[in-house]
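[1] what's the 3D shape of this:
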Amino acid sequence: MERGVTIKDVAKKAGVSVSTVSRAFNNYSDINPETRDNILKIAEELGYRPNIMAKSLSSNKNFRLGMLVEDYDLTGGMLNPLVFQLVMSFKNAADKQGFETVLLSTSTDMQKSQKLSKLYLEKQLDGAFIMGLKLTDEYYKELMEFSQPCVLYDIYINNPNIGCVGVDNVKGAFLATEYLIKLGHKKIAMINGHKDAFVSYERLDGYFLALNRYGLKIQQDLVVYADFTDQGAAKAVEELIRKHKDITAIFCASDLMAIGAMNALNNLGYSIPEDISIVGFDDLYLAQISKPKLTTIRQDTFSIGESAANILINLISGQRIGRVVIQPELIVRDSTKILQV
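    Predicted coordinates:
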């Protein structure tokens, strides 16, 4: 019978000890990053995967991670494109370290009826990556004193068992608004996400900061909320145009909302960017194929998902890591133009 690839085979080809390979797979901090990456690469080339069941029996861990997604990010059974990218990068990073991943959906009502601690127990989770959590959610309150490893996307909690990863939202929103101001726009509206989302507060701060930095008047009624959906953005645009016909630019706190806003503006007879400039946030693939192609703020979803997996596995291993912030980047395309006065 043909022998399968073992941890000894990986160690031999990598030129390291078996214990070093084991520590690399368990993401110990004393492993040189280059050594760890080389070991994982060799393991993948040889087709080696750690035996999760054997690891579970020897360590009292299940080697199973949960990825919790809010129901509003699931439409017709399909994931929001941003969430899909985060899920895939998280899963790929976890797979390389021998952890199984389980995708779970949650909602406000479900959180009221099932505690997060109970979900961990029922699904046999060692840790979870939670996306879309709002400040008013029951899980947010529970996580204040939560004792199990957990990583949150774009929301911070001061708890040593909780990690956080996300883009610098304040800086990203500032860059978007500043770019529009430098193009000559002075009446700039903002379509924001959820009113109770931490990320919405941060992106609103960045928008206001840019207006204040360049001496433009802050008008609260130029900010509308669309729950991070294209349908919500379409309604928000109609509201903005009805109240403020002199708007020349709109910053949208997500690409999906930017796409919805552009479609609605086209239906209302506006041309982009000739009549109104639009900037999004995320740099989804949709931004590259929209008409016109969308100027946006790029957040590196691959790095965010991979960092979330690594932080979570480190927490499970007993290492304490707080907040990891990924830097945003302005991507200029065709949905913006210099305002001719």
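[2] ok, the nearest residue to Gly47 once chain neighbours are set aside - contacts?
    Residue nearest to Gly47 in three dimensions, not counting chain neighbours: Val5, with 5.6 Å by C-beta to C-beta, 6 or more residues apart in numbering. The C-beta positions use only the backbone N, C-alpha and C, and glycine is treated the same way. Val5 sits next to 46-48 when contact means C-beta atoms under 8 Å, 6 or more residues apart in numbering.
[3] highest neighbour count among the residues you listed?
    Tyr48 (22 neighbours; other C-beta atoms under 10 Å).
[4] please tell me how far stretch 38-52 is from the chain's geometric centre.
    27 Å (C-alpha atoms, centre = their mean, to the nearest Å).
[5] with only the CA atoms kept, save it in CSV.
    Extracted C-alpha coordinates of stretch 38-52, given in CSV (Å, rounded to 0.1, in the frame of the first residue of the first chain):
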residue,chain,number,x,y,z
ASN,A,38,8.5,27.9,3.2
ILE,A,39,7.2,25.0,5.3
LEU,A,40,3.6,25.8,4.3
LYS,A,41,4.6,26.1,0.7
ILE,A,42,6.4,22.7,0.7
ALA,A,43,3.5,21.1,2.6
GLU,A,44,1.2,22.3,-0.1
GLU,A,45,3.5,21.1,-2.9
LEU,A,46,3.7,17.6,-1.3
GLY,A,47,-0.1,17.5,-0.7
TYR,A,48,0.4,17.2,3.1
ARG,A,49,-2.5,18.2,5.4
PRO,A,50,-2.4,17.9,9.2
ASN,A,51,-4.8,15.2,10.5
ILE,A,52,-7.3,17.4,12.2
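[6] buried set for it?
    38-40, 42-43, 48, 50 (16 or more other C-beta atoms under 10 Å).
[7] ok, so of those residues, who is nearest Ser17?
    Set against Ser17, the nearest of these by C-beta to C-beta is Ile39 (10.8 Å).
[8] tell me who's in contact with that closest one.
    With C-beta under 8 Å, 6+ apart, Ile39 has these contacts: 10, 14, 16, 20-21, 24-25.
[9] as CSV, the residues you listed with secondary structure and distance to Lys61 would be great.
    As requested, the contacts of Ile39 are arranged in CSV below (DSSP: H, G, I helix; E, B strand; the rest coil; distance: C-beta to C-beta, whole Å):
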residue, secondary structure, distance to Lys61
Val10, helix, 21
Ala14, helix, 24
Val16, coil, 23
Thr20, helix, 20
Val21, helix, 18
Ala24, helix, 17
Phe25, helix, 13
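[10] Lys337: which of these is nearest?
    Nearest to Lys337 among the contacts of Ile39, with distances taken as C-beta to C-beta, is Ala24, at 50.5 Å.
[11] any low-confidence regions in the chain?
    Low-confidence segments of the chain (pLDDT under 70): 1-4, 26-30, 49-60, 72-79, 341.
[12] still on that earlier bit, any chance of the buried residues of stretch 38-52 in CSV, plus distance to Leu68?
    Below are these laid out as CSV (distance: C-beta to C-beta, whole Å):
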residue, distance to Leu68
Asn38, 33
Ile39, 30
Leu40, 26
Ile42, 33
Ala43, 28
Tyr48, 30
Pro50, 24
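[13] which one of these is nearest to Val324?
    Once C-beta to C-beta is applied, the member of the buried residues of stretch 38-52 that ends up nearest Val324 is Leu40, at 19.7 Å.
[14] angles on the backbone of that closest one, please.
    Main-chain dihedrals, Leu40, degrees, to the nearest 10: phi -60, psi -40.
[15] how near is the spatially closest residue to it that is not a sequence neighbour to Leu315?
    Nearest non-adjacent residue to Leu40, counting by C-beta to C-beta, 6+ apart: Lys96, 5.1 Å away. Relative to Leu315, Lys96 is positioned 17 Å away (C-beta to C-beta, to the nearest Å).
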